[in-house]
Every structure is written in C-alpha cells, then in structure tokens.
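K.L.:
I'll drop the sequence and a predicted model, then ask my questions.
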Amino acid sequence: MKRLIVFVFFFFFVFVGRSQIQSSPQAPQEDWESQKFTLGGKEDVITSVRVDGNGNTYSTGWLSIFQGDVARASLVKLSSDGSVAWTVLAERDSTYSYNSQIAFLSDNSAIWMYQSLYVTDSTRMECRAPDSTLLWRRALPKMQLYTVTTFGDTIAAVMADRSDGMVYFFDRSGSLIRTIHLGNEVLINCTPRIRNGKLVLVANYTAGSSGVSVFAACYDIYTGQTLWRQNLIDMFRGFGDIDTDGNVYVGGSLIIPTPGIGDLLKFTRVKFGPDGQLLWRQEWYSQPLHLNGNHENWVDAVSVTSGPASERVVALIGEAQQDTVDTGARIVYVAGFSARTGDSLWLMTWHYPNSRVTSGRDGEFDRNNDLFVLGQNYQNGATGSTLGYGIVYKFTVAPDAVRELPDLIPKSFSLEQNYPNPFNPTTTIRYGLPNRSHVTLIVYNTLGQQVAQLMNGEEEAGYHSVRFDGSNLASGVYFYRLQAGTYVETRKLLLLK
C-alpha cells in the first residue's frame, strides 16, 4: 500500500437532496440540518459525532484521496447552528484511520485520538482548543485504539495489546496516570461510559454459533475488578449508554438464521440495572416478516437522555434495508423508546436519492436532551466514482410519552403460516406477541400425538420465529399449535420428502 504524498487539503460542501423524513406520531422535531460536508477525498468516511457543552458538534473520520489508497484522519467542528467552523487533519499520514475518536474535557477542549494501520506507527492523542489551536500532542504505545471517553478532566482510552484489552487513564495534560487490564478477549468495537468510579463497557467479541456476540460489563476503574458481566450471544454490532442512576442500555442486531433466506438481523434493545440484573429486553424487525427485507438492520449508536427517570428516552441510531430485495441500499433508521419500560415511542427514517449507501453513522443526546444524528452517505458520481459526505441533524425530543411503533410491537397475538410450505426438511414458523407472555409451540401428527416442542417459556413482546426440522419424521400433514396466555391458534403444515 502506498504512502499518501499529497499534502494539499481541499474542503467541499455538497448539496444533494434528501428524502423527506418519515416519522411516526410524537417523533422528534427537526431543529436544523447542517451543511453537507466532505473532506475533499474520493470516498471520505465520517465516523462519529460528539456534542460539547456549548452545543457545538465534532465529527471524526478519514480523508481518502484515492480509492483503495491511504487515508488521513480528520476532525470537523460544526457550530451550534450547524455551519462548519473548522477542519483539521492528522499530524501525519495514517492508513485507514477508521478508529479516529473524540471526547471533551470540562472546558470543552477536544481530546482527539487517531491511529495508523501500520503497526510500526503509534497512536496519537491531541488536545484542541475550541478554536482548533493545538494545545498538546502525545504519542502513545503501539496498540490498537478502540475508543476514548472522559470523566471530568480525566481521559480514558480503551486499547488492546495483541488480544489483551487495556484502559489507559491520562490527566488533562496527557500524562499517564494508571492502566487497568480488561482481559484477554479480542474486542471488535466497544462503547465505554464512566459513572461514580465505575467503567461500563459494551463490546463485541468472538463467541456464539455466528462467531460474533456482545457483552456488557462493569469494572472498578481503580482496580480493574469485574463487578458484573452479561453476555448477549449471537448479537451483532452492539453499542450502549448508561444513565445517571447506573442503568445500562444496549442496542444491537440479533442474528437469526432463516432457511431459504439467509441470516436475518433482528433489532434488539436491552436494559440492565446498576448491578447487572436484566430489567427488560425487546426485539423487532424493521420490516414485516413476510417481506425479505431484514438483512441489514444495523445499530451504530445508543444514547439516553438525562433528567427524571420517569421521563428518560433512549435513542437507537443505525440503518435498515431500504427495499424488500437486498440490493445494499439502506436508510437512516432512528428509533426512540422508553427507558422505563422499553416500549417504543417513535421512529424516523430517511435516505438520499441515487446513493450507494446511506446510514445513521452515530448520534447522541446533549446535556439539554436534544438529539444529534450523523448521517453518512455515498453519492453516486461520474464514471462510476462515489463521493462520501457527512451531515448532522439536530432534533428536539419530548420526554417519555409511551407510544408503540407500527409493525414493531403487534397489536394482537398472531400465528403465521410456516414458510416454506410444503417443506423438506426444515421450515420457519413466525408469531407475534403484543405483550410478554408464556409461550408454548408444539407440533402434532394427525393422531394428535406430540412430535416436537419448539417453544416452552417466557418471551418478550414482538415478532418471533422458530425453525422446525422434520428430518426424523415421515412425509405427511402435521399441525402446529401456539398458546400464549389465553390465546390459542393452530395451523397445518405439509412435509414432503
């Protein structure tokens, strides 16, 4: 891979129309839409957005001069009205700096970290004043950078040495204070939050039948002791946040193998209490299950408002498949739900015409509980080229007023016809629950004899699916019976070998 030798920096504004935001009742009101900005490269990638104490937003990413060539980490500041204030580039060339990260000190100075893909290059940490003046720069150990956060004027960077996860704590001048060891798992990405001497980490790691899972864990920031940990097996792209009471919110996509269709991704939201106890869990698809449109339900960020516990709202920011046929086209997908109950409150979606990829790349609530969402778009250009740009949206969010989203939580119990039908030897049975219920799903032969029990236990409200394997059964007609509370429904299926 070639080194970047172009030192001239270009900055462009791109004006490309966006579809109207589609929203459910009581959805947030849009305050402003920032200037669309690129970094002057071929396929620039804008990866994150953070809001300082004065309502200014900062986005990190990397500048790509030539497709497939080296890139350079970048930092963009938007003023409180959404206009671009300034942009700076990394000290030196860095390749594929996807893990460029940003956090703030108490005086709104920005802590910016970035890393080169070259293992011989060290991670850099810079402190920038609100006017972009470089206050200091430090070269850190040659380790994989995951993310950075701050509490007061202490900086906490999550990094890895080979497979060992570490947290490095620095003072406001960039001097190392201490380190703690998180374990020897290979982390894929992670979200750190610090409250009251505790570090909460939501991270992806290798586990489960899919090879990808998520855990949420709480550590003592002084000793590194694990206080609690919860594993979410076969969850993909997990992110999280913590409220002022220490409750942890996790959003991700559950991997659902589906015969004849492939892996579907099912949005999942989870709340753990301060001691790690499960308080609620909800799952849903972005499109009805009879459509082949749930292959790209991805989460990119989770954020919770402050204020009274009864009024807190959690936002899940990500992307979803745009069409019923998986063409790779995606929409920005922002869902809000009650922090108290996990019930759905509102949904917003939008996309950009002629775009190759649209995504809700990141987002968070500021101290005033306004929601900022970073959209990332690759716009088709001339001669097959693409132009990547970012855009930030600011929304006013009302306090919790519980309202369900259409198609996410069903209004009534339902049992769908299995698909495919006839089948050999496997088929999928789907059903909907309007509330948490004890569910039994049993398959019988024509004599009324039980041949399989597919489900017997408590399940959350939402749409669910199970796989039935008839490999050990003879060809013929069978019946499957769902009971959930007082609801009972029976349907017929046909096994042909």
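P.N.:
The structure has been received and is ready for your questions.

K.L.:
Any chance you could list what contacts the one helix or strand Leu135 maps to?
P.N.:
In the assignment (DSSP states H and E), Leu135 maps to strand 134-139. With CB atoms under 8 Å, 6 or more residues apart in numbering as the test, strand 134-139 has contacts from 91, 109, 122-129, 170, 173-174. (Each C-beta comes from the backbone N, C-alpha and C, glycine too.)

K.L.:
The same query, at a cut-off of 10 Å, please.
P.N.:
Applying CB atoms under 10 Å, 6 or more residues apart in numbering, the contact partners of strand 134-139 are 88, 91, 105, 109-113, 121-129, 170, 172-176.

K.L.:
Strands - which of the residues you listed land there?
P.N.:
Judged by DSSP state E, these include Val88, Ala110, Ile111, Trp112, Met113, Arg124, Met125, Glu126, Cys127, Arg128, Phe170, Leu176 as members of strands.

K.L.:
How is the protein partitioned into domains?
P.N.:
Following automatic domain parsing, one gets these domains for the chain: 22-396, 414-495.

K.L.:
Could you tell me the least trusted of these?
P.N.:
Sorting the domains of the chain by mean pLDDT places domain 22-396 lowest, at a mean of 83.

K.L.:
Any idea how far it is from the middle of the chain?
P.N.:
7 Å (CA atoms, centre = their mean, to the nearest Å).

K.L.:
Now the residue sitting furthest away from the middle of the chain: phi and psi?
P.N.:
Relative to the centre of the chain, and counting by CA atoms, centre = their mean, the farthest-placed residue is Leu447 at 48.1 Å. Taking degrees, to the nearest 10, you get phi -90, psi 0 for the backbone angles of Leu447.

K.L.:
Glu311 too?
P.N.:
According to degrees, to the nearest 10, Glu311 has phi -110, psi 0.

K.L.:
Equivalent analysis for the one 5 residues further on, please.
P.N.:
Main-chain torsions, Leu316, degrees, to the nearest 10: phi -110, psi 120.

K.L.:
residues near it, how many?
P.N.:
25 (other CB atoms under 10 Å).

K.L.:
need the contact list for it.
P.N.:
Leu316 neighbours (CB under 10 Å, 6+ apart): 239, 249-252, 267-269, 299-303, 333-337, 347, 360, 363.

K.L.:
how does it look with 7 Å?
P.N.:
Taking CB atoms under 7 Å, 6 or more residues apart in numbering, we find Leu316 in contact with Gly251, Arg269, Val299, Val302, Ala335.

K.L.:
Any buried residues in the strand holding Leu135, and which?
P.N.:
For strand 134-139, the buried set under the neighbour-count rule, 16 or more other CB atoms under 10 Å, comprises Arg138.

K.L.:
From Trp298, how far out is the nearest residue to Asn297 once chain neighbours are set aside?
P.N.:
Excluding the flanking residues, the one nearest Asn297 by CB to CB, 6 or more residues apart in numbering is Leu265, at 4.1 Å. To Trp298, Leu265 is 7 Å away according to CB to CB, to the nearest Å.

K.L.:
before we move on, what about Ala90?
P.N.:
27 Å.

K.L.:
Check Asn196 too.
P.N.:
Distance, Asn196 to Trp298, using CB to CB: 32 Å.

K.L.:
These two: which is more packed in?
P.N.:
Using other CB under 10 Å, the more surrounded residue of Asn196 and Trp298 is Trp298, with 20 against 11.

K.L.:
Which residues does the more buried one form beta bridges with?
P.N.:
When bridges are called by DSSP bridges, Trp298 pairs up with Glu319.

K.L.:
Enumerate every residue touching Ser59.
P.N.:
Residues near Ser59 by CB under 7 Å, 6+ apart: Ile46, Ser48, Val49, Val76, Leu374, Gly390, Val392.

K.L.:
Tell me which of these fall in strands.
P.N.:
Ile46, Ser48, Val49, Val76, Leu374, Gly390, Val392.

K.L.:
Pick the one among the contacts of Ser59 closest to Glu489.
P.N.:
Distance to Glu489, by CB to CB, is smallest for Leu374 among the contacts of Ser59, at 43.7 Å.

K.L.:
Thought Gly390 was touching the closest one, still the case?
P.N.:
Yes. Contact criterion CB atoms under 7 Å: Leu374 and Gly390 qualify, at 6.0 Å.

K.L.:
between these two, what contacts are shared?
P.N.:
Contacts common to Leu374 and Gly390, judged by CB under 7 Å, 6+ apart, are Ile46, Ser59.

K.L.:
thinking again about what came up before, overlap of the contact sets of Leu265 and Trp298?
P.N.:
Ser253.

K.L.:
Please report the distance of the residue farthest from the centre of the chain from Tyr478.
P.N.:
Distance from Leu447 to Tyr478, by CB to CB: 11 Å.

K.L.:
go on, Thr87?
P.N.:
Between Thr87 and Tyr478 the distance is 64 Å, computed by CB to CB.

K.L.:
Please apply the same query to Gly457.
P.N.:
22 Å.

K.L.:
which of the two has more neighbours?
P.N.:
Neighbour count, other CB under 10 Å: between Gly457 and Tyr478, Tyr478 has more, with 20 against 7.
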